[in-house]
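**Q** From the sequence below, what's the structure:
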Amino acid sequence: MTTTHEPRVSALVAAAPDVDADRRVRIAATAQERLSTSPGVLLTTCHRVEWLGDHEAAPGIDGMLPLAGIEAASHVIQLALGLASAVVGEDQILHQLRAAVADARRERQLGHDLDLLLDHALRAGRRGRSWRPTTGASLADLALDRVEQAVGGLAGRAVLIVGTGTMGGLVARGATPRGAHLLIASRTPAHAADIAAGLAGAAAVPFDPGPAVVDATDVVVVALAGSWSVEPATALAVAGKALVVDLSMPSAVDVALVEALGDRFVGIDDLGRGSPPTAAVERYTKRLEVLAAATLDAYLAEIMERHRSRADRLADRVERQRSEALAAYLRRRPDLDDPTRRELEDLARALTDHLFREPLTRLASDPEGRRAAALDELFGS
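**A** Prediction:
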């Protein structure tokens, strides 16, 4: 790395596994209340709550880890690359980050350093996805992998999917090629019917499917915004399943049912634990880490060049104004001889060098950005 410039960016992070799902829900509510109108990017996903902003604008929120400068910039790049995700290089985090950035750019002015960082990070994210050893990896795929490990494969298995949002749809579309027979439930019956109609052998069932339907299934996957409220008889049937996977955040499954299932319940924070990466994923991860480091270097170099360019522009302006003022004075004094003229030129140059050398040096490094803004305002550089 050729520069030590600290960009004016910050991040507040609350992410699994360091912060559990219930606490993330509370943090998300606080962040929405306190940060939604702040100049920055607010990102809330299944596994994380993040705010990306200018260094000076960073508030403090209990439970969120504060990052600043180069550390924050490195984190944002790794976030976009999917290095911070349960599934390395997953698509959803890049889509979610891109949408959050678009919202922030529409609604408010982002600081230059942050805006530039997001451009670098999103470009790197797109490039990194083109190297992925498998296509379309997502949290839904990770959940289906866990199900197959638990029940010995999905071919011929009946799977009840509760929820027809983005995650429920991903699970349904991912389970069909694995040979599963799907039952789709939704609070809105028409949504369940629509998804079932597009998948071979799938059928729509009521939101509370009843014990008979549950008994005919091998696995239950829940992906809801809100709770899955069912009659006690249905809950008792679900408690007898080999595995229940809940991809909701917060959990949609009743606490008593979770306790009854014990280790046959898999919550969203359980995914990705205990499964060593394949050799292909390890190679992909290392390649992404190299890309992350190169992206950070390129970003910092561009930030430094911007500040140096500003210093150069101000230096040019100082020199131009010195020359113009001296020339105007000498035109008014045609009586001065050449030695005196040269002495005045040397004196004017020494004076401007003395006055501006230190400000220009500080502006070139400008670790916080305040000096640059002040000089821009004072001198119009």
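**Q** from here on, contacts and neighbour counts on C-alpha atoms
**A** Fine.
**Q** list the helices and strands the helix or strand in which Leu236 is found packs on?
**A** Using DSSP states H and E, Leu236 sits within helix 232-239. Counting contacts by 3 or more Cα pairs under 8 Å, 6 or more residues apart in numbering; DSSP states H and E, helix 232-239 packs against helix 210-215, helix 255-261.
**Q** between the ones you listed, which gets nearest to Ala100?
**A** Nearest to Ala100 among the helices and strands packed on helix 232-239 is helix 255-261 (32.2 Å), distances taken as Cα to Cα.
**Q** Tell me which residues of that closest one come out buried.
**A** 257-258, 261 (16 or more other Cα atoms under 10 Å).
**Q** ok so, going back, tell me which of the helices and strands packed on helix 232-239 approaches Ala73 most closely.
**A** helix 255-261 (38.8 Å).
**Q** And for the helix holding Leu236, what's in contact with it?
**A** Residues from elsewhere that reach helix 232-239 (Cα atoms under 8 Å, 6 or more residues apart in numbering): 208-211, 214-215, 220, 244, 257, 260-261.
**Q** Now, of those residues, which are buried?
**A** Using 16+ other Cα under 10 Å, the buried members of the contacts of helix 232-239 are 208-211, 214, 220, 244, 257, 261.
**Q** and of the contacts of helix 232-239, the nearest to Glu33?
**A** Leu257 (31.9 Å).
**Q** ok, now how distant is that closest one from Ala185?
**A** 18 Å (Cα to Cα, to the nearest Å).
**Q** now Arg8
**A** Counting by Cα to Cα - Arg8 and Ala185 are separated by 47 Å.
**Q** Please apply the same query to Arg306.
**A** 55 Å.
**Q** With neighbour numbers in mind, choose between those two.
**A** Neighbour comparison, Arg306 and Ala185: the larger count goes to Ala185, with 27 against 14 (by other Cα atoms under 10 Å).
**Q** In this protein, which residue sits furthest out from the middle?
**A** Farthest-out residue of the chain from its mean C-alpha position, per Cα atoms, centre = their mean: Asp335, at 69.3 Å.
**Q** what packs against the longest helix seen in the chain?
**A** Looking across the chain with DSSP state H, the single longest helix is helix 279-332. On a contact count with 3+ Cα pairs under 8 Å, 6+ apart, helix 279-332 meets helix 69-81, helix 112-129, helix 338-365, helix 370-379.
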